[in-house]
Every structure is written in C-alpha cells, then in structure tokens.
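In: the sequence isn't on hand, but the structure is:
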Ligand SMILES: CC(C)(COP(=O)(O)OP(=O)(O)OC[C@H]1O[C@@H](n2cnc3c(N)ncnc32)[C@H](O)[C@@H]1OP(=O)(O)O)[C@@H](O)C(=O)NCCC(=O)NCCS
C-alpha cells in the first residue's frame, strides 16, 4: 500500500489520546498480545471511528531514542490503511532516532515500506540511561534473550528515511 495515497475512512479521526482512552488502549494492546508494559496514554495517538477507538500506537521515550510501539488496529478494521496512516503519523511526530521491534518477516516487510531497516542488537545505540529515561537497548535486551534462547523471530528495526 502506498502511504501517500491513504486517507481516513469517513467518520474517523486521528488524534492524540486522552485520559478517557486509557482502558480502550489497554484492551486493544492486550487483545493483540503485545507488550503490556509502558502503556502511558500520554504517549499514544489513536484513531476513533464513530465514537469507538479502532487503532492505537505510541512513541515510547528513551534516552536519545524513541520506540514506535503498541501499534494495533482492531481486527474488524484491518486492511483499510489505518495501520499505514498511524505508522506514518508516528514517524512524522517522532523527535529522536526511531526504532522498533516486531515479530516475524511479514511485519518487518510492513515497516520496511516506511523506511525501517533491520538492525542487529549489537548495533543498537548505547545511550546511557538518565534519571528520567531508561536506555532503549535495556528494553530490547529481553527480546534479544528470547530470540537467542527460544528462537522467537524478533526483528529490531531502525528508521533510516534515506535508505
Ligand atoms: C499490523 C497492523 C497494525 C496493520 O494494520 P492495518 O490497518 O491492517 O494495515 P494497513 O491496512 O495499513 O496495511 C496492510 C498491511 O499490513 C500488514 N499486515 C496486515 N495484517 C498483518 C498481520 N496480521 N501481521 C503482519 N502484518 C500484517 C501487511 O503488510 C499488509 O499489507 P498487504 O495487505 O499488502 O499484505 C494490524 O494487522 C494489527 O493490528 N496487527 C496486530 C498487532 C500487531 O502485530 N502490531 C504490530 C506490532 S509490532
């Protein structure tokens, strides 16, 4: 799907999440079996259609980096470009070098359309944690362990717009 040709279906809006969205966000994330930690609604953007939250995604903040995460489109709404729109919006909103982790080749191909390229765990940035933010690599370390020990097909990716 070409990102530039995608527009929201009628009745849908893309907006920053509010306090009132926090349980709907959790429900979406839990239903997709994604990482249930660090679901601060303040970091989320959502798509609301006719009063219902149908998609969400967030930018998690780390020292010197951000992670595009918790991207979910409700199953009844998939395949209509909402995931593409939200991903492109999160990329446009990001203010730090951007990374993500995903499971499997199909998702890696989805993200590669936007300019994400696979990166090895060793090549992830070694940004020191600060009093207010932790290091991205520390968060990804757990997935790297699962990849090594349990052969979980985790792919780490870095946003490289000029690749
Ligand atoms: C991945 C996801 C956000 C895509 O949202 P969407 O609105 O259906 O995506 P779009 O309509 O914009 O684009 C469709 C593309 O999404 C990708 N996609 C759709 N369903 C997918 C799935 N179950 N797994 C992986 N990729 C999928 C495909 O690349 C598809 O392209 P194709 O139709 O050419 O095959 C959505 O399938 C979803 O919520 N999946 C479950 C949660 C998840 O895995 N999130 C990603 C965490 S890293």
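Out: Great, that's in hand. The model shown is predicted, which means the values in this text are computed figures rather than measured ones.

In: quick check: what element follows the helix or strand where residue 85 lies along the chain?
Out: Assigned by DSSP states H and E, residue 85 falls within helix 82-93. Per DSSP H and E, the first helix or strand lying C-terminal to helix 82-93 is strand 98-103.

In: and the contacts of the helix or strand following that following strand?
Out: Where DSSP H and E defines the elements, the next helix or strand beyond strand 98-103 is helix 105-112. Helix 105-112 has contacts (C-beta atoms under 8 Å, 6 or more residues apart in numbering) with 83, 87, 100, 102, 116, 118, 153, 155, 157. (C-beta placed from N, C-alpha, C; glycine too.)

In: hmm, residue 120 and the last one touching each other?
Out: No. Taking contacts as C-beta atoms under 8 Å, residue 157 lies outside contact range of residue 120: 10.8 Å.

In: tell me which of the two has more neighbours.
Out: For residue 157 versus residue 120, the count of surrounding residues by other C-beta atoms under 10 Å is larger for residue 157: 21 against 8.

In: for the closest residue to that one other than its chain neighbours, phi and psi?
Out: Nearest non-adjacent residue to residue 157, counting by C-beta to C-beta, 6 or more residues apart in numbering: residue 116, 4.0 Å away. Backbone torsions for residue 116, taken as degrees, to the nearest 10, come to phi -80, psi 140.

In: partners of residue 116 in the sheet?
Out: residue 159 (DSSP bridges).

In: touching, it and residue 158? I think so.
Out: Yes. Between residue 116 and residue 158 there is a contact under C-beta under 8 Å: 6.7 Å.

In: mind listing what's buried in the biggest strand by length in the chain?
Out: Counting by DSSP state E, the longest strand found in the chain is strand 52-62. For strand 52-62, the buried set under the neighbour-count rule, 16 or more other C-beta atoms under 10 Å, comprises 53, 54, 55, 56, 57, 58, 59, 60, 61, 62.

In: who are the packing partners of the helix holding residue 85?
Out: strand 12-16, strand 44-49, strand 52-62, strand 65-73 (3 or more C-beta pairs under 8 Å, 6 or more residues apart in numbering; DSSP states H and E).
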